[in-house]
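Student: pasted the sequence and its predicted model underneath.
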Amino acid sequence: MFRTIVILVAIFSIQGILGEQCLNDQWPPKSDRIVPTHVVNLDLPPTERWKEVATIYKPAIIDLVDYIKKFVLSISPELQFLISLVDTKLPAMADTLPAPYGDEMKGISQATGVPLGEIVLYNIFYEIFTLCTSIVAQDQNGNILHGRNLDFGLLLGWDMLNNTWTLSEKLRPLITQINFTQNGQVLFKITSFAGYIGVITGIRPGVFSISMNERYGLKGGYIGLIEWIFNINRKQSFVTFAMRDMLTTAESYDQAVKYLAEVKLSAPCYYILAGPKAGQGVIITRSRNGSDDIKALGKDNLWFLIETNYDNWKKPPFYDDRVTPCIKCMQTKGENQVTFESLFNVFSSRPMLNKLTVYTALMEPATGRLESYWQYCRDEDAPCAPW
């Protein structure tokens with residue numbers, strides 16, 4: 001594993017120099033890259049809401065969970081105790097989660113036949129393994145768009161034959177847009193993985209849009225998970241559940257920003273939000289107990305905000321600098337080109353697009369427009385960084 005990491009770092013260092021792009025010809029994506037949309041009806045009992053989605057994606061969910069277990073054992077057979085922990089401790093965790101999350105997980109378990117502990121695992125490991133690039137941009141007329149690349153699967157199995165991350169390839173078939181409805185109306189929309197009940201990317205039409213990026217730190221998501229599982233501290237919210245709570249209940253952009261800046265969390269992260277009005281954009285840099293920084297759109301006279309996985313007031317590490325080429329590309333596009341087309345071209349440019357990238361989502365808070373596309377970074381097109 002260490003040798004693989006060293007090789008990948010070396011490759012990335014070279015590609016960081018040779019692999020920067022700012023493309024103009026990636027829009028529109030081909031129709032076979034459009035992520036499918038499904039509906040989750042919030043008027044149904046929680047155990048029934050995900051039945052249709054879980055049934056459709058049952059084979060892919062089973063394949064992913066099986067791979068995670070095999071990967072853990074491939075590191076060392078002595079880690080069998082972790083697999084046993086999933087079966088013995090995590091099922092009970094469903095009953096400790098705030099409503100409706102535990103019951104929704106139980107419904108997914110029933111629909112797929114996957115043991116409840118493994119469904120809980122599937123729903124919590126996104127707290128600690130997510131890389132991303134998020135952008136909020138405002139045009140000359142004050143119209144705001146929000147986009148993100150989701151990068152997932154770092155260090156969870158590198159396929160040396162195909163030069164891909166195994167987990168990323170297994171996640172891609174699970175990507176779906178979900179329209180959450182209530183009283184026959186769309187309440188909010190998300191781009192996610194089938195059977196995953198939290199939110200990583202979402203929009204409440206006319207109110208706000210949101211994406212979450214992992215924040216690296218010594219006290220990462222695993223600390224909060226351990227505290228919750230062993231009942232050390234349950235006065236905290238899971239990062240992605242807090243997002244869904246706000247998409248469900250927030251009536252304004254300001255309400256969502258205030259809550260997400262203050263709520264105690266299980267893991268550090270970055271919340272990136274945009275609103276329907278001019279100037280409504282923010283990066284909330286979160287520790288588990290509060291906000292370390294809140295950067296608003298317009299600071300330093302910039303018409304855009306960019307967040308990857310590092311504190312935005314610090315220089316990113318040389319081996320993972322996506323923010324500098326992203327800034328250059330946005331400046332090249334210009335304030336008069338804040339469109340879905342221009343943002344998709346930025347997100348399709350290396351190194352914003354890399355081997356971990358599984359989808360691009362584009363959002364317009366004022367209208368509730370959400371478009372999501374599968375992403376692939378192929379070496380035959382241009383050298384592609386592993387992350």
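Tutor: Thanks, I have it.
Student: what's the spacing between E371 and F208?
Tutor: 17 Å (Cβ to Cβ, to the nearest Å). Quick note: C-beta positions are derived from backbone N, CA and C, even for glycine.
Student: between those two, which one's more packed in?
Tutor: F208 (29 against 18; other Cβ atoms under 10 Å).
Student: specify the beta-bridge partners of the more buried one.
Tutor: Beta-bridge partners of F208, counted by DSSP bridges, are R204.
Student: how near is it to L265?
Tutor: On the measure of Cβ to Cβ, F208 and L265 end up 18 Å apart.
Student: and what of K295?
Tutor: The value you get for K295 to L265, if Cβ to Cβ is used, is 18 Å.
Student: so, low pLDDT: which residues of this structure?
Tutor: 1-18, 79, 126-130, 217-221 (pLDDT under 70).
Student: residue with max distance from the center of it?
Tutor: In terms of distance from the mean C-alpha position of the chain, E78 ranks first, at 30.9 Å (Cα atoms, centre = their mean).
Student: wasn't that residue part of a helix?
Tutor: Yes: E78 forms part of a helix when assessed by DSSP: H, G, I helix; E, B strand; the rest coil.
Student: quick one: the helices in the stretch 51-200 of the chain?
Tutor: 51-56, 58-75, 80-88, 90-93, 101-112, 116-124, 166-171 (DSSP state H, counting those that start in this stretch).
Student: buried deepest among those, which one?
Tutor: Using mean count of other Cβ atoms under 10 Å, the stretch among those with the largest mean neighbour count is helix 116-124, at a mean of 24.
Student: how far is it from where the chain is centred?
Tutor: On the basis of Cα atoms, centre = their mean, to the nearest Å, helix 116-124 sits 17 Å off its chain's mean C-alpha point.
Student: pull it out as PDB, backbone CA atoms only.
Tutor: The C-alpha coordinates for helix 116-124 follow below in PDB (Å, rounded to 0.1, in the frame of the first residue of the first chain):
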ATOM      1  CA  LEU A 116     -29.000  -3.700   8.700                       C
ATOM      2  CA  GLY A 117     -25.400  -3.200  10.100                       C
ATOM      3  CA  GLU A 118     -24.000  -3.100   6.500                       C
ATOM      4  CA  ILE A 119     -26.700  -0.600   5.400                       C
ATOM      5  CA  VAL A 120     -25.600   1.600   8.400                       C
ATOM      6  CA  LEU A 121     -22.000   1.300   7.300                       C
ATOM      7  CA  TYR A 122     -23.000   2.200   3.700                       C
ATOM      8  CA  ASN A 123     -24.600   5.400   5.100                       C
ATOM      9  CA  ILE A 124     -21.800   6.600   7.400                       C
END
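Student: what packs against it?
Tutor: helix 58-75, helix 80-88, helix 90-93, helix 101-112 (3 or more Cβ pairs under 8 Å, 6 or more residues apart in numbering; DSSP states H and E).
Student: mind checking how far S192 is from R244?
Tutor: 10 Å.
Student: want to try TSV for the helices of the stretch 51-200 of the chain, with distance to D25 as columns?
Tutor: Shown next, in TSV, are the helices of the stretch 51-200 of the chain (distance: least, Cβ to Cβ, whole Å):
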stretch	distance to D25
helix 51-56	34
helix 58-75	31
helix 80-88	45
helix 90-93	46
helix 101-112	40
helix 116-124	37
helix 166-171	24
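Student: relative to Q280, how far out is M93?
Tutor: 36 Å.
Student: quick one on the thing from earlier: need the overlap of contacts for S192 and R244.
Tutor: 198-199 (Cβ atoms under 8 Å, 6 or more residues apart in numbering).
Student: which one of the two is surrounded by more residues?
Tutor: More neighbours surround S192 than the other of S192 and R244, with 27 against 23 (other Cβ under 10 Å).
Student: what is that one paired to in the beta sheet?
Tutor: T176.
Student: contacts only, for it.
Tutor: Contacts of S192 (Cβ under 8 Å, 6+ apart): 175-178, 198-201.
Student: M93 too?
Tutor: 120, 228-229.
Student: kindly report the same for E20.
Tutor: So E20 contacts 325, 328, 349-351 (Cβ under 8 Å, 6+ apart).
Student: work out for me the element it sits within.
Tutor: Under the assignment given by DSSP states H and E, E20 is not contained in any helix or strand.
Student: cool, S372 as well?
Tutor: Assigned by DSSP H and E, S372 falls in strand 369-374.
Student: and that strand, which residues are buried?
Tutor: Buried residues in strand 369-374, counting neighbours by 16 or more other Cβ atoms under 10 Å, are found at 370-374.
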